[in-house]
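Novice: Show me how the following folds:
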Amino acid sequence: MLGAAGETVLPFGDVLRRHRLAAALSQEALAERAGLSGRAIADLERGVHQFPYPDTLRRVADALGLSGEEPHAFTEAGTRTKPDETAAVARQHAVLPLPTTSQLRRSRPGACRARGGVGESAYADAVRARWRR
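Specialist: Below you'll find the predicted structure:
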């Protein structure tokens, strides 16, 4: 994975595993110290949960005994970053034309497939509104 400045960024699970091994802790021992289940730590390391809850991050960082800048870097690795503003701006200009009434009669109402996050729900709502006219 690459970060915003093009540097290599490790997935949170790898960061957690490195800190746990550096602290010479097993998954179970870390889980006990953090007040979590062993399964939760294993899932975090495997990437099942890439962005844990802030409370979970704090508890694991405390259990690892991180100090100095380490807790901040650890928390940052497990925090979802906001989408790039340029992506949102680009998306505003990608407006799909609504189908005509004759096109609607030939298609299934509500059939809208697209990659997640491109506005298919808003598009489908607009099509349904036109269909009802």
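
Novice: all strands for the chain, in order.
Specialist: Under the criterion DSSP state E, the chain carries no strands.

Novice: Mark out where each domain of it begins and ends.
Specialist: If you go by automatic domain parsing, the domain ranges for the chain are 12-77, 85-132.

Novice: which stretch in those has the least confidence?
Specialist: Among those, domain 85-132 has the lowest mean pLDDT, at a mean of 57.

Novice: Give the burial count for residue 40, as a bare number.
Specialist: 19 (other Cβ atoms under 10 Å). Every C-beta, even on glycine, is put in place using the N, C-alpha and C of the backbone.

Novice: How about the contacts made by the residue nearest to it when sequence neighbours are not counted?
Specialist: Once flanking residues are discounted, residue 40 sits nearest to residue 31: 6.5 Å by Cβ to Cβ, 6 or more residues apart in numbering. Residue 31 makes contacts with 37, 38, 40, 41, as judged by Cβ atoms under 8 Å, 6 or more residues apart in numbering.

Novice: Out of the residues you listed, who's the most crowded?
Specialist: Highest count within these by other Cβ under 10 Å belongs to residue 41, 26 neighbours.

Novice: residues touching residue 55, list them.
Specialist: Contact analysis of residue 55 by Cβ under 8 Å, 6+ apart lists nothing.

Novice: how far away is it from residue 125?
Specialist: Distance, residue 55 to residue 125, by Cβ to Cβ, to the nearest Å: 36 Å.

Novice: Same check on residue 37?
Specialist: Applying Cβ to Cβ to residue 37 and residue 125 gives a distance of 41 Å.
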